[in-house]
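Engineer: Give me a 3D structure for the following:
(one chain, ligands or ions: 2)
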Amino acid sequence: MFPPVKSKVNFAQLEENILRLWQDKNVFERSVEARQGAPRFVLYEGPPTANGSPGIHHVLSRVFKDIIPRYKAMKGYYTPRIAGWDTHGLPVELEVERELGFSGKAQIEEYGVDRFNARCRESVFSYLKEWEALTERIAFWIDLKHPYITMDNKYIETGWWTIKQMWDRGLVYQGYKVTPHCPRCGTSLSSHEVALGYEDNVEDPSVYIKFKLVEQSRQKLNLEKPAYFLAWTTTPWTLPGNTALAIADEAEYAIVEYEGEYLILASVRLEPAGLGEAPVVAKVEGSDLVGLGYEPLFNPSDFGIPVEKTGGLEKEGPPSSDVLRKQEDFFNYPVIATDFVSMEDGTGIVHIAPAYGEVDYQAGTEQGLDFVHTVDLQGKVIGNYPFSGLFVKDADPMVLEELKKKNLLFRSETIRHTYPFCWRCEAPLLYYAKQTWYIQTTAVKESLISGNAEINWYPEHIKYGRFGDWLENNVDWAFSRERYWGTPLPVWRCENPECSHLDCVGSLAELENKPGFAGLKEPLDLHRPFVDELTYDCPECGAKMRRVPEVIDCWFDSGAMPVAQYHYPFENDTLLEDGRFPADYISEAVDQTRGWFYSLHAISTLLFSRPCFRNVICLGHILDAKGEKMSKAKGNVVEPWAVINKYGADALRWYFFTSSPPGNVRRFAEKSVAEVTRHFLLTLWNTYSFLVTYANIDHFTPGSEGTLLEESELDRWIISELNQLIIDVDSAMDNYNPTEAGRKIEGFVDGLSNWYVRRSRRRFWKSENDADKLAAYTTLYQCLVTLAKLLAPFTPFLAEELYQNLVCSAFPQAPDSVHLTDFPVADESKIDKRLAADIRLAMKVSSLGRAARSQAGIKVRQPLAVNYVSFSSMSERTALERVKPQVLEELNIKDLQFIDNVGKLSEKSYVISSEGSYSVAVPTEISPELQAEGVAREIVHRLQTMRRSAEFEIADKIITHYQGDDYIKQVITDFADYIKQETLSKKLIEGDPETGAFVAEHEIGGHNLKLGVKRLT
Ligand SMILES: [Zn+2]
Ligand SMILES: [Zn+2]
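Structural biologist: Ligands and ions are numbered 1, 2, ... in the order given. Presented below is the predicted three-dimensional model:
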């Protein structure tokens, strides 16, 4: 006997029980340990940032991380899986800033870096608990007891070692460059972080500014009235920093007269600038303009702003604080020629502010332009402008106001365009010239690209699309952050400004062995501010070496996990040879092409000149049901616990695996999870419950099949399909395609339930225990046990439930969890392709016949004389002949005839349903005999419904009483045997029902009928 299974099931509750079973029996650990010595299959866990509660998108990536290793474990691989937590960086700091109500670095410094970092550590730990709970509940099997944590001293030490390897090869440098800077967070961002935060349709000013030619230049052009260069910008706040105008030297420029003045701009831009009507006074070549001068819009000396030369900013050797050279004379800013002036927008004259643009800075360096910084690192205007102290974006209108007063504003509009924002805090990024530490990834660009060629991307287009493009356009990695909670940059600098010697430290031991080393406190903490206290003697001049203030990008931490999780090379020094590197598989969402996928690939290439992952499933983003981005502000965030508690984790998993290919953007709607439950999980559950219920009635014991008599065609068919399914699922999973594998399983379960079981019902029903019945049980049992194993990586809970009940209860010596079993192996000799095609044909014709019936308004319970079916070839006709008996039963018809063209049938007497090359014709006229048979079938159906309503057991025998008119009486008399057999009625008696009977009145085809059923005791 199997433990009984109810047809109603609460999956969430069932799963909680299974979780306890796994814990009690240590199933995960054993599933790994059992494969010791076998070839390894390595998953790298992309560490989630523990700075908030896990969301529904985390469930998506975590179940995809889970399914492949589960499959590989069942295929015999040794698959230890190590959890990891990304604990550093801006995300955590911002979370703590929010908690403390801080809005910037000044408050953190005031509060104390030690206290602030202690809060960061605490915050991370509180979220880890939530993450662990969800990870367990969704059955993401990964070792949570021994995770790698990026804030551990050992992890940091490997980070230092990694940086030192690059430093020693000259790949780490400090550059004075224009970098994307978040004014709120007060730090630079790397280009991959910038890529995460672009927003479309941002409104900004679009303004045309007049730059007045100096007297000499105006005379040079023989102009008698005041003349202006016209330039265009979307960032008015950069105008006070303007120190040059750029033109294209081969383009044609026009001098036009406008309101008594002259304006100069590219001829092709006259029209767009609204000057198409203005009279052209002269035309000149761009090269004629080079070297002309104009007056500064805002003379820096009038506003207390120092002026330096851009070219003096970068110098050889260690950087120091006095790189900016003072300059006294100016007022005559030049027109220069560059190759980046576009004729697609603006005026063909580009405003240059070397402090606030990458190409501007470059032009400044090349041409020795003045360098004017008018904004501080918080994005606030410095000096004594009327708009000083304002955040740059707020200063924009006042800058324009000032220019208008000076008659230097030509036109002011707004524009909608794409602009980068901080991916963490959403502040607009400013391009800002400052010193930042870089890793020279461009030095290994070719190696990054060739390494990518070895990686299998799913979906494939990411490889040379999003990821490949990213590598092709590689720029050096700006990896320092002017922040607090992160892996400290292991660079020490000599305090003596005359020396400024720089040194990179690759391990704690190296640091401790430095001459004059001091400042170490117990317990060891390699974070700020403690690490900032560690000093030693400068080998060059003997002065004190102090660490530079920066910490590093948290993406560097997570990208270093292949080595850092093992504290390589300080421990586990065989890592590269023993199979733990590279990973066989990783999976994250598509945004990680510029995040973790990149940082992993870059660090591995820099360290070892090879990629560190072989296969990657790249997941699409999740939107809400309407296709909008989920956000707390919109209130459309889906809480994973709510979904899991309602439908169970299996339903959510199955939905994620099968609803759409992993790379697609998906819209998440709770009702889709409900649908998946109904369509798939409950269909399977009902089949399972059916088997257990009937098997218990018949005392079927698996393993007793012994010598089976010849199987029926139906059994041969489903076993053939089952073996084909094993092959299909195995090959899809081997190809990292759970979606295809899952859909195959879904198709099989549908065929099992709606064809095999339905068409076999009679075999399970009949009273005698013969070979045919045993064959049916054995076949269905085999299907469900195999399904449990195939489903184990997909829906681990339901698979376990089936396995525990069907296998463990009957075979005490079997592995005690489905997750300890081997993946099924197909018996190809059982695959009968012709039979499979035949049944597909039978299904097709039956479904067309049912469609025609419903069109004609004739129930399937009403027998019909003859249907016609078309065929297009003789081989098809033969196949139809073979499946004819099944179609007769399915369609409840007496005969099926073949016709080469159903169009020949009279339209009056037939309803025709067609699809592709098939047509089925159903007659609309029904003889009195068939009508009576239809009524008999309807009575059986009503009685069966009454049995269920009366809550009789399936095998209960009953007595049935009936009352009706002569027609009904005649039908019941004629079909008495049939009715008795189908409804397990021992007797069929005309007259009043017995007391205690379940009674109901019916109307069938215009005839009234009263029925009473009573259980025989
Ligand atoms: Zn920010
Ligand atoms: Zn020194």
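Engineer: all strands of the stretch 301-450 of the chain, in order?
Structural biologist: 308-309, 333-337, 349-352, 370-371, 409-420, 430-439 (DSSP state E, counting those that start in this stretch).
Engineer: In TSV: these, plus mean pLDDT.
Structural biologist: Below are those laid out as TSV (pLDDT from 0 to 100):
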stretch	mean pLDDT
strand 308-309	77
strand 333-337	94
strand 349-352	96
strand 370-371	87
strand 409-420	94
strand 430-439	91
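Engineer: Out of those, which is closest to ligand 2?
Structural biologist: Set against ligand 2 and scored by C-beta to the ion, the strands of the stretch 301-450 of the chain come closest in strand 430-439, at 19.2 Å. Bear in mind the C-beta positions are built from the backbone N, C-alpha and C, glycine included.
Engineer: how much distance is there from the closest one to the middle of the chain?
Structural biologist: Here strand 430-439 is found 31 Å from its chain centre; the criterion is C-alpha atoms, centre = their mean, to the nearest Å.
Engineer: can you tell me if that strand touches ligand 1.
Structural biologist: No. Contact of strand 430-439 with ligand 1 (C-beta under 5 Å from the ion) is absent, the minimum separation being 10.8 Å.
Engineer: So what are the sheet partners of that strand and their directions?
Structural biologist: strand 172-182 (antiparallel), strand 477-478 (antiparallel) (DSSP bridges).
Engineer: Just name the most buried of these.
Structural biologist: strand 477-478 (a mean of 26; mean count of other C-beta atoms under 10 Å).
Engineer: Residues contacting stretch 671-678, please?
Structural biologist: 11, 625, 643, 647-648, 651-652, 654-655, 658-659 (C-beta atoms under 8 Å, 6 or more residues apart in numbering).
Engineer: For it, give the mean pLDDT please.
Structural biologist: When pLDDT is averaged over stretch 671-678, the result is 96.
Engineer: Where does pLDDT dip in the chain?
Structural biologist: 311-331, 704-710 (pLDDT under 70).
Engineer: which bits of it sit near ligand 2?
Structural biologist: Close to ligand 2, as judged by C-beta under 5 Å from the ion, the chain has residues 494, 496, 499, 501, 538, 540-541, 543.
Engineer: picking up where we left off before, which of the strands of the stretch 301-450 of the chain sits most buried?
Structural biologist: strand 349-352 (a mean of 25).
Engineer: The stretch 51-200 of the chain: strands as residue ranges?
Structural biologist: 82-85, 143-149, 172-182, 187-188, 198-212.
Engineer: name the helices or strands packed onto the longest one?
Structural biologist: Read it as strand 198-212. Other helices and strands packing on strand 198-212, by 3 or more C-beta pairs under 8 Å, 6 or more residues apart in numbering; DSSP states H and E, are strand 227-233, helix 392-405, strand 409-420.
Engineer: what distance separates the shortest one from the centre of its chain?
Structural biologist: For strand 227-233, the distance between its averaged C-alpha position and the chain's averaged C-alpha position is 47 Å (C-alpha atoms, centre = their mean).
Engineer: same thing with the second one?
Structural biologist: Computed by C-alpha atoms, centre = their mean, the chain-centroid distance of helix 392-405 equals 43 Å.
Engineer: Also stretch 29-36?
Structural biologist: With C-alpha atoms, centre = their mean as the basis, the mean position of stretch 29-36 lies at 29 Å from the chain mean.
Engineer: Check the gap between the closest residue to residue 75 other than its chain neighbours and residue 248 for me.
Structural biologist: Take residue 75 and drop its neighbours on the chain: the residue closest to it by C-beta to C-beta, 6 or more residues apart in numbering is residue 823, 5.0 Å away. Separation of residue 823 from residue 248 (C-beta to C-beta, to the nearest Å) stands at 65 Å.
Engineer: higher neighbour count, those two?
Structural biologist: Neighbours were counted for residue 823 and for residue 248 using other C-beta atoms under 10 Å; residue 248 has more, 22 against 19.
Engineer: Hmm, residue 336 and that one touching each other?
Structural biologist: No. Judged on C-beta atoms under 8 Å, residue 248 makes no contact with residue 336 at a distance of 10.9 Å.
Engineer: Pull stretch 542-549 out as PDB, backbone CA atoms only.
Structural biologist: Coordinates of each C-alpha in stretch 542-549 appear next as PDB, following Å, rounded to 0.1, in the frame of the first residue of the first chain:
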ATOM      1  CA  GLY A 542      63.000  57.000   5.400                       C
ATOM      2  CA  ALA A 543      59.900  59.100   5.900                       C
ATOM      3  CA  LYS A 544      56.600  57.500   6.800                       C
ATOM      4  CA  MET A 545      54.700  55.500   4.300                       C
ATOM      5  CA  ARG A 546      50.900  55.900   4.600                       C
ATOM      6  CA  ARG A 547      48.100  54.200   2.800                       C
ATOM      7  CA  VAL A 548      46.300  56.200   0.100                       C
ATOM      8  CA  PRO A 549      42.800  57.000   1.200                       C
END
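Engineer: can you give me the strands for the stretch 651-800 of the chain?
Structural biologist: 666-667.
Engineer: Residue in it with the shortest distance to ligand 2?
Structural biologist: Closest point on the stretch 651-800 of the chain to ligand 2, by C-beta to the ion, is residue 663, at 53.8 Å.
Engineer: Then the stretch 101-250 of the chain?
Structural biologist: Closest point on the stretch 101-250 of the chain to ligand 2, by C-beta to the ion, is residue 174, at 16.7 Å.
Engineer: Which positions in stretch 560-573 come out as buried?
Structural biologist: 560-568 (16 or more other C-beta atoms under 10 Å).
Engineer: now these as a markdown table including secondary structure?
Structural biologist: Formatted as a markdown table, the buried residues of stretch 560-573 follow (DSSP: H, G, I helix; E, B strand; the rest coil):
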| residue | secondary structure |
| --- | --- |
| 560 | coil |
| 561 | helix |
| 562 | helix |
| 563 | helix |
| 564 | helix |
| 565 | coil |
| 566 | coil |
| 567 | coil |
| 568 | coil |
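Engineer: which one of those residues sits closest to ligand 1?
Structural biologist: For these, the nearest to ligand 1 is residue 560 (23.2 Å; C-beta to the ion).
Engineer: Now do the phi/psi pair for the closest one.
Structural biologist: For residue 560, the backbone dihedrals (degrees, to the nearest 10) come out as phi -90, psi 0.
Engineer: what are the ranges of the strands in the stretch 501-650 of the chain?
Structural biologist: 502-504, 536-537, 544-547, 551-552, 583-589, 613-619, 622-623.
Engineer: Quick check: which of these is buried the most?
Structural biologist: Most buried among these, counting by mean count of other C-beta under 10 Å: strand 551-552, with a mean of 26.
Engineer: Now find how far off-centre it is within its chain.
Structural biologist: 28 Å.
Engineer: that older thread, go through the strands of the stretch 51-200 of the chain and pick out the most buried.
Structural biologist: Taking mean count of other C-beta under 10 Å, strand 187-188 is the most buried of the strands of the stretch 51-200 of the chain, at a mean of 27.
Engineer: Would you confirm that residue 938 contacts residue 1007?
Structural biologist: No. At 10.1 Å, residue 938 does not count as touching residue 1007 under the criterion of C-beta under 8 Å.
Engineer: So for the two, which residue has more residues nearby?
Structural biologist: Taking other C-beta under 10 Å, residue 938 and residue 1007 do not tie; residue 938 has more neighbours (18 against 15).
Engineer: Could you provide the strands of the stretch 51-200 of the chain in a markdown table, with additional columns for distance to residue 273?
Structural biologist: Output for those, formatted as a markdown table (distance: least, C-beta to C-beta, whole Å):
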| stretch | distance to residue 273 |
| --- | --- |
| strand 82-85 | 55 |
| strand 143-149 | 58 |
| strand 172-182 | 27 |
| strand 187-188 | 35 |
| strand 198-212 | 6 |
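Engineer: Can you tell me which of these is nearest to ligand 1?
Structural biologist: strand 172-182 (3.4 Å).
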